[in-house]
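>>> Sequence and predicted model, in that order:
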Amino acid sequence: MSKIMVPICGLFFCVLGNWVYGRLLFDVTAGGATLLIAGSPSGMFVHRFQTVGAIGFLGLAIGLGFLVCERSLCSLSFKFKAIAGMFVVGVVSVLMFLSIVRRDVGLLYQIVRNSALNASLKIGDIPLYKVGLFPGLCVLAYVAALSLFLLKGRGDA
C-alpha cells in the first residue's frame, strides 16, 4: 500500500495544480492582468504544463516523505511528528515562494508600467513554476535529512 502512495500523491498534486493554476495566476498578477499577453496558445500550454509539473513534483516529494515515514518509523508518535514537520516545511515554503513570485511580478509590472514604451508582459515572464518546484526541493531536503537521521539509528528512540 505504501509504494502506491508516491504516484498517488504526485497525480493528486498534478490535478490540484491544474485546478489552482488560474487562481495562482490571478493571485500573482493582482489585477495587472491587463498588461499580460498570453502569446501563442503553445506558450500558454507550456506555462501551465511547467506549473502543473512543478506542483506534481511537490506531490511526489510529499509521497516520498510518506513512504519514508511509513517504512522506517515504528513509533506512532514519531511518525506523526515527522509528517507534521513535513507538512510545516511544505506549507511554509509554498507561502514563502508564492510571496517571492508575487513580489517579482509586481516589480516587473512597475517596470513595464513606468516604461516609456507601450509594453506588456508575456506569460513566460511569470515564473509560476517556482511555487511548486522550490517547495518540492525543500520537502525533499527534509525527507533526506529525516532519512539520514533514521540511518544513524535515532529515529525510533
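Cool, the structure landed. Numbers count the residues shown, from 1 in each chain.

>>> Going by C-alpha atoms from here, please, whenever you check contacts or count neighbours.
Fine.

>>> Give me the residue at the spatial middle of this protein.
Gly132 (1.7 Å; C-alpha atoms, centre = their mean).

>>> Do I have it right that that one meets Val94?
Yes. Between Gly132 and Val94 there is a contact under C-alpha atoms under 8 Å: 7.0 Å.

>>> Leu73 touches Lys79, doesn't it?
Yes. Using C-alpha under 8 Å, Leu73 is in contact with Lys79, at 6.1 Å.

>>> Phi and psi next, for Cys74.
phi -100, psi -30 (degrees, to the nearest 10).

>>> Roughly how far does it sit from Gly153?
12 Å (C-alpha to C-alpha, to the nearest Å).

>>> cool, Gly124 as well?
46 Å.

>>> do Lys79 as well
15 Å.

>>> How about Arg71?
In terms of C-alpha to C-alpha, Arg71 sits 14 Å off from Gly153.

>>> what's the weakest-modelled helix or strand in the chain?
strand 36-37 (a mean of 64; mean pLDDT, DSSP states H and E).

>>> now the strands for this protein?
Counting by DSSP state E, the chain has strands at residues 36-37, 121-122.

>>> longest helix in this structure, by residue count?
What stands out as the longest helix in the chain, according to DSSP state H, is helix 76-114.

>>> so how far is that helix off the chain centroid?
8 Å (C-alpha atoms, centre = their mean, to the nearest Å).

>>> Next, the buried residues of it.
For helix 76-114, burial by neighbour count (16 or more other C-alpha atoms under 10 Å) applies to 79, 82-83, 85-86, 89-90, 93-94, 97-98, 101-102, 104-106, 108-109, 112-113.
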